[in-house]
Structure formats: structure tokens, C-alpha cells
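Engineer: No letters, just coordinates:
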């Protein structure tokens, strides 16, 4: 093709080379090859409307990487597909007054045409559409296998409910303002019966592999660790003065004598039982309402200042009979552990910052081996390492590991944990 004059015939050039790439199968990945292999995948789009510039930005990044490795001599697998299941497509179809299937496949056709004009390096022979049986039969097969092995079960749980889309959203689909990422509706926290997988059955492998996630932001990795929920420790039962029990799980039973407050997740079911007894009921209810508009990522962020509200209620320490103030704090998640945590500010940095903010007492109960911590007023951070128990009654002088065992045994003997 001859090029002359001041105008560049972009359309003709693009059509020529795109046809050539297609004819020679340039982007078709071959299985039997001695070349090194590279796999790249961008998130499939929802075919609930036309593609926009945000899609193009995402796919251009992937295309650059795919072409880079292709030119370096790799056998590149760069597939594409359509995340075509779920209520977004159905809601859009209802709004347009046509069948969901017609709306979905029309959008797929138009989106594929748009992507083709841009010349992306996709292997279209491996195109997937998640609403077609040849794809979703495998998700059904996987689910049945999990169910057969008692790894899938149902229970009631808090979810992110979008009143606009009429569907449940993942935490990542809720903006920092608590809005639906699709329709900007205010997300509501509500309880629904949900399916769950027993991921804790694979907890060790999952936790080990988190260390391989290079480049992931710390907040997301922390959230993943919380979801996996693998911990070894002691359950401790605090009782309210009115008799209700608050089970707490801890990996540091040696710090039990340093507890100066207890924090309950705002969505914890026991809140409903206790709310009428709270002297600060109105303030607590306002705080809970505000907390329900925050995402789990926002609530567990390591860079966000922790906050909470004092309920006016107290629990009894299982070993000292001391009155322990009960707080509600959104940095605690009902889905992690028991949804209730014991605050040990001298030996947990999160608790330390919370106690400093609200002038909650700090009590040192573990000293470093062969050393001594500064006075509480001079502490700049929590001492979180193992050490020697102090200010812990009959357990003082034990090292942390032996202390954990001894405290756990004592709790078991008196029926307050173990």
C-alpha cells in the first residue's frame, strides 16, 4: 500500500495489518511449543452496555504487556471473554424493555466489534461467555464437588446490598464513600442466607501463598488473611454483669491480665440483645449506622485512625473479676474470629492507638526477656513480642509460651474458656 500526501490513511493501514495478523494466527496461542509460556488476563467486562474509555485504558495496559512478551519470543496466551451472568445485565434489559439474552448478546457483538477496531492481541479462539452452558457447567461441577465434600454450606450473614441493582456486592465493589460502583446507590448492610466455602480447610496453603502476591496493596492482603481466618490460640469468655457471655479469641493468652477494654463489631448479633441496656444507646446507634456505610477494606485499613463508642456496659474479667468497659468499634469485623476482641493496649499496636485516643488505661503485663519497658506514660508504641509475664498474679515470671498454656488451662478449669 503506497502512502503519499499529507494525510495518513490510518483506517486502511489498520485493516491491512489486522487482517494479516488474523490470517497468520499471530495471537493464537499454541500448546505444543518449546517457547517459554506467558499468560495474561484482564478482567472480563460486564456486557450490560457499551464499552467506554475506562475499559480501553485497562485493556491497553494488558495489550502492551502481551505484545512485549510476544516480541521477546514467548508463547503468549491472552484470552478474552464476557462476564455475562448476574443481575446487572438483567436490570439493564428490564430498563431497556427487552429480553436479557437479546440485550446481552447485542452488547457482546458491539463490544467485540469495538475491540477488533483497536487491534488488541487477543486469542479469540479462546473467547468465553459466562452465561453459556459450555462455560457455567464447569462452575456448577466445581460447586457440586465442594458440596459433596462438605466444603459448601449455607448460613445467615451480613452482606453489602445495593438497592439500585437489587444484588449483593463484594467489598471491592463498594466505593470508599459506601456507594455501589455501578449505579452509585447507597449500600445497605443487611442479613441474608448465603452460600459459603470452608476455606479454612485450606488455610495453611492459602496463607502461605499470600506471601507470593508481589505488588498487592497491604490492605487487601490483610483483608485476605482475615477472610482465611487461620489462627491458633485460646477462647476466653467474658461475662456481662447482666449475665450475657462475650466469647473472645486470642493468640496471646499471656496478655489476659493486660485487658483494659473489650470491643464488639458494630454488626455483631449480640448488639441487638445489649442495645436496650446501653446507657449510651442513642450515640451507639448513630455510630453503628455510620459504620454500616463503610467498606471492610476501609474499616480494616492500617493507615486509618481507629474509632469507636463506649456503650456504658461492663464485662467481668474471668480471672481478676475486674470491670472491663465494653466498646463498639468498626475496626472489628463480625466475620473474623468471634467478632469481639479484648483490648490489650500495652501489647497490641492497634489497641495502643485506640487507648491513647480515648484515654483508656494501659497496663504492662509482658516485659522483654532480660529487659524492662519504659513507664506507660513514656511508651511510644506497644510491645508485641513474646517475653516474661508480669503483673499477672500467679502467672508472673512465666515466659509467654508457658504462660499461654497455663492461662488456657486455668480458664478451662473454671469454665471460662480454653
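Structural biologist: Yep, it's here. Computed from a predicted model, the values in this text were never measured in an experiment.

Engineer: For stretch 329-336, measure first residue to last.
Structural biologist: 14 Å (CA to CA, to the nearest Å).

Engineer: wait, stretch 301-309
Structural biologist: For stretch 301-309, the end-to-end distance is 19 Å (CA to CA).

Engineer: Just checking the distance from that stretch to the centre of its chain.
Structural biologist: 16 Å (CA atoms, centre = their mean, to the nearest Å).

Engineer: Residue numbering should commence at 313 henceforth.
Structural biologist: Okay, using 313 as the starting number, the last item reads as stretch 613-621.

Engineer: what comes up buried for that stretch?
Structural biologist: 613, 618, 620, 621 (16 or more other CB atoms under 10 Å). Glycine gets a C-beta too; all of them are placed from N, C-alpha and C.

Engineer: just stretch 574-584 next, same as before
Structural biologist: Neighbour-count burial for stretch 574-584 flags 574, 575, 576, 577, 578, 579, 580, 582, 583 (criterion: 16+ other CB under 10 Å).

Engineer: go on, stretch 441-455?
Structural biologist: Buried, per 16+ other CB under 10 Å, within stretch 441-455: 441, 442, 443.

Engineer: Keep only those of the residues you listed that are in strands.
Structural biologist: residue 441 (DSSP state E).

Engineer: so where do the strands sit in the stretch 313-462 of the chain?
Structural biologist: In the stretch 313-462 of the chain, the strands defined using DSSP state E, counting those that start in this stretch lie at 349-351, 387-389, 393-394, 440-441.

Engineer: Hmm, I typed the wrong one, I wanted the stretch 613-730 of the chain.
Structural biologist: Going by DSSP E, counting those that start in this stretch, the stretch 613-730 of the chain shows strands at 620-628, 635-641, 652-655, 678-679, 700-701.

Engineer: Now tell me what touches the last one from outside.
Structural biologist: In this structure, residues lying in contact with strand 700-701 by CB atoms under 8 Å, 6 or more residues apart in numbering are 566, 569, 677-681, 707-712, 715.

Engineer: Going by neighbour count, which of those residues comes out on top?
Structural biologist: Most neighbours among those, by other CB atoms under 10 Å: residue 566, with 30 neighbours.

Engineer: Quickly list the domain ranges of the protein.
Structural biologist: 322-446, 451-540, 546-725 (automatic domain parsing).

Engineer: Just put the ones you listed in TSV and tack on mean pLDDT.
Structural biologist: Output for those, formatted as TSV (pLDDT from 0 to 100):
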stretch	mean pLDDT
domain 322-446	91
domain 451-540	87
domain 546-725	94
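
Engineer: Looking at the ones you listed, which one is packed in the most?
Structural biologist: A comparison of the domains of the chain by mean neighbour count, using mean count of other CB atoms under 10 Å, puts domain 546-725 on top with a mean of 18.

Engineer: returning to that earlier point: from the buried residues of stretch 574-584, which is closest to residue 532?
Structural biologist: Nearest to residue 532 among the buried residues of stretch 574-584, counting by CB to CB, is residue 577 at 20.0 Å.

Engineer: Pretty sure residue 426 sits against residue 363.
Structural biologist: Yes. Using CB atoms under 8 Å, residue 426 is in contact with residue 363, at 5.4 Å.

Engineer: Now do residue 484 against residue 523, distance only.
Structural biologist: Per CB to CB, to the nearest Å, residue 484 is found 21 Å from residue 523.

Engineer: sorry, that was for residue 660
Structural biologist: 22 Å.

Engineer: contact partners of the helix or strand containing residue 548?
Structural biologist: Here residue 548 sits within strand 546-552, counting by DSSP states H and E. For strand 546-552, the external contacting residues (CB under 8 Å, 6+ apart) are 557-563, 565, 568, 574, 586, 625-630, 636, 638, 650, 654, 716, 719-720, 723, 728-730.

Engineer: For the residue positioned nearest the centre of the chain, what is the enclosing helix or strand?
Structural biologist: With distances taken as CA atoms, centre = their mean, residue 535 lies nearest the centre of the chain, 4.1 Å away. According to DSSP H and E, residue 535 maps onto helix 530-540.

Engineer: ok, back up a step: next, format the buried residues of stretch 441-455 as a markdown table and append distance to residue 531.
Structural biologist: Shown next, in a markdown table, are the buried residues of stretch 441-455 (distance: CB to CB, whole Å):
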| residue | distance to residue 531 |
| --- | --- |
| 441 | 33 |
| 442 | 28 |
| 443 | 32 |
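
Engineer: and the residue nearest to residue 553 when sequence neighbours are not counted, what are its bridge partners?
Structural biologist: Excluding the flanking residues, the one nearest residue 553 by CB to CB, 6 or more residues apart in numbering is residue 626, at 5.9 Å. Residue 626 has these beta-bridge partners by DSSP bridges: residue 637.

Engineer: Going along the chain, name the helices of this structure.
Structural biologist: Assigned by DSSP state H, the chain shows helices spanning 322-336, 365-383, 399-408, 412-429, 445-460, 515-522, 530-540, 582-586, 593-603, 608-611, 661-670, 712-725.

Engineer: nearest to residue 479, of these?
Structural biologist: Closest to residue 479 of the helices of the chain, according to CB to CB: helix 399-408, at 4.2 Å.

Engineer: Show me what that closest one is packed against.
Structural biologist: helix 412-429 (3 or more CB pairs under 8 Å, 6 or more residues apart in numbering; DSSP states H and E).
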